[in-house]
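> Predicted model and sequence follow; I will ask about them next.
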Amino acid sequence: MSELLSRAGELRGRRDMRNASILEARAALTGLDAGAYFLLEREERPWLRGRSSGGSGGRPSEALSRYFAELRDPRSTRGGSRHSLLEILMIALSTILSGGQTIVDMALFGEAKRDFLKSFPELKNSIPSHDTFGRIFRRLDPDEFRRCFQKFIAGFSQSCGGVIAIDGKVLRRSFDAASRKSGLHMVSAWACENRMVLAQVAADAKSGESTAVPKLIDMLSLPGMIVTTDALHCRRELAERIVTRGGDYALRVKRNKGAFYADIRTLVECIPPQPAATHTTFDNDHGRIEVRTSRVLTEIEALQERHQRPGLAAVGEVVRSREVATGAGRVRSTEAGYYALSTALSAERFADTVRSHWGIENRLHWALDVVMHEDQSRSRMDNGPYNLAILRHMALNLMRRDQRAASLRAKFNLAAWSNDYLAKLLAQA
């Protein structure tokens, strides 16, 4: 018991009465040796590690400072700044993890969580105002911030494999009518199996996604990966770039590809499907019945001789038959989709790859819009929308990395309610 009191006194000496009382109560209830229980607490709460020796190892701010160390502060250094850039970014990220959305939320969060934030050594002065947050995110170089994100995700993405889906999304309320500035069009790369954002880049207002996607490809490590896009990006240049960087592709081919589409369709129609070489799945959700039959054809010598597509090794077909319940009865429809493949996948693997692509809509864009309310954000000045979009991606990755059995919305709520859980999320970096 004396050891327990010593530990409690040490915590109290560091102005942490709450943790001290919790330690006393839990150790008494569990019956564990006080020293062993304190070690258990340190394992479950990484930000407590090093307190007994006066060190700061394992604090959330230390982990994140590694990624932001080379980020240039956009403010003038002549008069000095009351708040460090790392301090501002820490509070901003904590706010997003707790369900906040705007720069005003960041200032309010800082005031409400002042005691929690004081545990970070960077917070030496008062909480920054919402104007300070606004100036920082408006003036911060988004390319530098994006490179920091790349360092941040590098540790997560080492175990990533499988399918990378690429798609764009417009932030609806980021347009600025006064300056005739269109809304931010963000193109993202999504690791379908790991459910994480790997990279992002803003599309140019004039050229759109056609110039943004090649830049995004150059940011990714592609060996062992299959890149999927929508039909807009089924282009020779993109296919060649993916293959050159060691990846494979599964690109949707639609009628806008003219002769290439027509020849693939003719080839598929000339070769009847064989049951042993097809893969069929059934879905019965949301009031509809859907049957998807997939197959891969590798007899493409004549097709490749005519069109000379970089890396083309096979073509795939997915036939979707749907039956949907409506007020007038059940409506049936059938459509076929064609894909250019750089590797001869099995029919089952091909079906999974095509299906995985929609994860970027269902798990990224949906989460940003419905859970994080990205489309309601009114940040529209200078670099603000771009930088805040990157920050949301960072917060979403931290949430996805946590293995707690709870919905995404529940995790955001828990981070707002529990300082322990919020610090655990930050320490994952």
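Perfect, thanks for sending it. As the structure is a computational prediction, the values presented were derived from the model and not from experiment. Numbering: from 1, shown residues only.

> where in the stretch 151-300 of the chain is pLDDT low?
Along the stretch 151-300 of the chain, the model assigns pLDDT under 70 to residues 155-161, 175-181.

> again, only this time at 80
Residue ranges of the stretch 151-300 of the chain with pLDDT under 80: 154-161, 173-183, 205-207, 276, 285-287.

> Would you mind listing the residues in contact with Arg306?
By C-beta atoms under 8 Å, 6 or more residues apart in numbering, the contact set of Arg306 is Ala259, Asp263. C-betas here are computed from N, CA, C, even on glycine.

> Ok, the one 5 residues further on next?
Applying C-beta under 8 Å, 6+ apart, we find Gly311 in contact with Ala239, Glu240, Ile242, Val243, Asp248, Tyr249, Ser342.

> I'd assumed the third one was in a helix, is it?
This points to Ile242. Yes - counting by DSSP: H, G, I helix; E, B strand; the rest coil, Ile242 is part of a helix.

> Tell me the spacing between Gly337 and Leu184.
When C-beta to C-beta, to the nearest Å is the yardstick, Gly337 and Leu184 sit 30 Å from each other.

> which one of the two has more residues nearby?
Just comparing Gly337 and Leu184: by other C-beta atoms under 10 Å the higher neighbour count belongs to Leu184, 24 against 16.

> In this structure, spot the helix with the most residues.
Counting residues, the longest helix found in the chain (DSSP state H) is helix 384-401.

> same for it, what does it pack against?
The contact analysis (3 or more C-beta pairs under 8 Å, 6 or more residues apart in numbering; DSSP states H and E) places helix 384-401 against helix 85-97, helix 130-139, helix 142-157, strand 185-191, strand 196-202, helix 408-417, helix 419-427.

> Using JSON lines, lay out these together with distance to Ile103 and mean neighbour count.
Rendered in JSON lines, the data for the helices and strands packed on helix 384-401 read as follows (distance: least, C-beta to C-beta, whole Å; neighbours: other C-beta atoms under 10 Å):
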{"stretch": "helix 85-97", "distance to Ile103": "8", "mean neighbour count": "23"}
{"stretch": "helix 130-139", "distance to Ile103": "4", "mean neighbour count": "19"}
{"stretch": "helix 142-157", "distance to Ile103": "15", "mean neighbour count": "17"}
{"stretch": "strand 185-191", "distance to Ile103": "19", "mean neighbour count": "24"}
{"stretch": "strand 196-202", "distance to Ile103": "19", "mean neighbour count": "23"}
{"stretch": "helix 408-417", "distance to Ile103": "17", "mean neighbour count": "17"}
{"stretch": "helix 419-427", "distance to Ile103": "19", "mean neighbour count": "20"}
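
> what's the closest of the ones you listed to Ile271?
Distance to Ile271, taken as C-beta to C-beta, is lowest for strand 185-191 among those, at 33.0 Å.

> what are the C-alpha coordinates of the closest one, in PDB please?
Extracted in PDB, the C-alpha atoms of strand 185-191 (Å, rounded to 0.1, in the frame of the first residue of the first chain):
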ATOM      1  CA  HIS A 185     -11.800  19.100 -56.000                       C
ATOM      2  CA  MET A 186      -9.800  16.600 -53.900                       C
ATOM      3  CA  VAL A 187      -8.500  13.400 -55.500                       C
ATOM      4  CA  SER A 188      -7.600  10.700 -53.100                       C
ATOM      5  CA  ALA A 189      -5.900   7.300 -53.100                       C
ATOM      6  CA  TRP A 190      -7.600   4.700 -50.900                       C
ATOM      7  CA  ALA A 191      -6.200   1.400 -49.600                       C
END
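
> so what's the closest residue to Gln200 other than its chain neighbours up against?
Spatial nearest neighbour of Gln200, chain neighbours left out: Ser188 (4.6 Å); criterion: C-beta to C-beta, 6 or more residues apart in numbering. Shown in contact with Ser188 (C-beta under 8 Å, 6+ apart): Ile166, Asp167, Gly168, Lys169, Val197, Ala199, Gln200, Leu216, Ile360, Leu364, His393.

> before we move on, what about Arg295?
Pro273, Gln274, Ala277, Thr278, His279, Gly316, Glu317, Ala347, Phe350.

> Quick check: Ala325 touching Asn284?
No - using C-beta atoms under 8 Å, Ala325 makes no contact with Asn284, being 11.1 Å away.

> Next, count neighbours for Asp141.
14.

> quick one: it and Asp382 touch, right?
No - using C-beta under 8 Å, Asp141 is not in contact with Asp382, being 10.9 Å away.

> Run through who's touching stretch 231-242.
Contacts to stretch 231-242, defined as C-beta under 8 Å, 6+ apart, come from residues 166, 209-210, 213-214, 217-218, 222, 227, 229, 248-249, 251-254, 256-257, 309-312, 340, 342.

> Can you say which of these are buried?
Using 16 or more other C-beta atoms under 10 Å as the burial test, the contacts of stretch 231-242 include 166, 209, 213-214, 217, 222, 227, 229, 248-249, 251-253, 257, 309-312, 340, 342 as buried.

> Among those, name the ones in helices.
Members of the buried ones among the contacts of stretch 231-242 lying in helices (criterion: DSSP H): Glu209, Val213, Pro214, Ile217.

> Give the closest residue to the third one in space, chain neighbours not counted.
Going back to what we said before, that points to Pro214. Arg241 (5.8 Å).

> On the three-state scheme, Pro74 is what?
Following three-state DSSP, the label given to Pro74 is coil.

> any idea how far Phe412 is from Ala112?
Distance from Phe412 to Ala112, by C-beta to C-beta: 16 Å.

> er, Gln304 actually
Separation of Gln304 from Ala112 (C-beta to C-beta) stands at 62 Å.

> Could you list which residues are in contact with the most centrally placed residue in the chain?
For the chain, the residue nearest the mean C-alpha position is Val197 (2.8 Å; C-alpha atoms, centre = their mean). Going by C-beta under 8 Å, 6+ apart, Val197 touches Ile153, Ser188, Ala189, Trp190, Ala191, Leu364, His393, Leu396, Asn397.

> hmm, 7 Å instead?
Counting by C-beta atoms under 7 Å, 6 or more residues apart in numbering, Val197 makes contact with Ser188, Trp190, Leu364, His393, Leu396, Asn397.

> Need the per-residue pLDDT for the fifth one.
If I follow you right, that is Leu396. Per-residue pLDDT puts Leu396 at 94.
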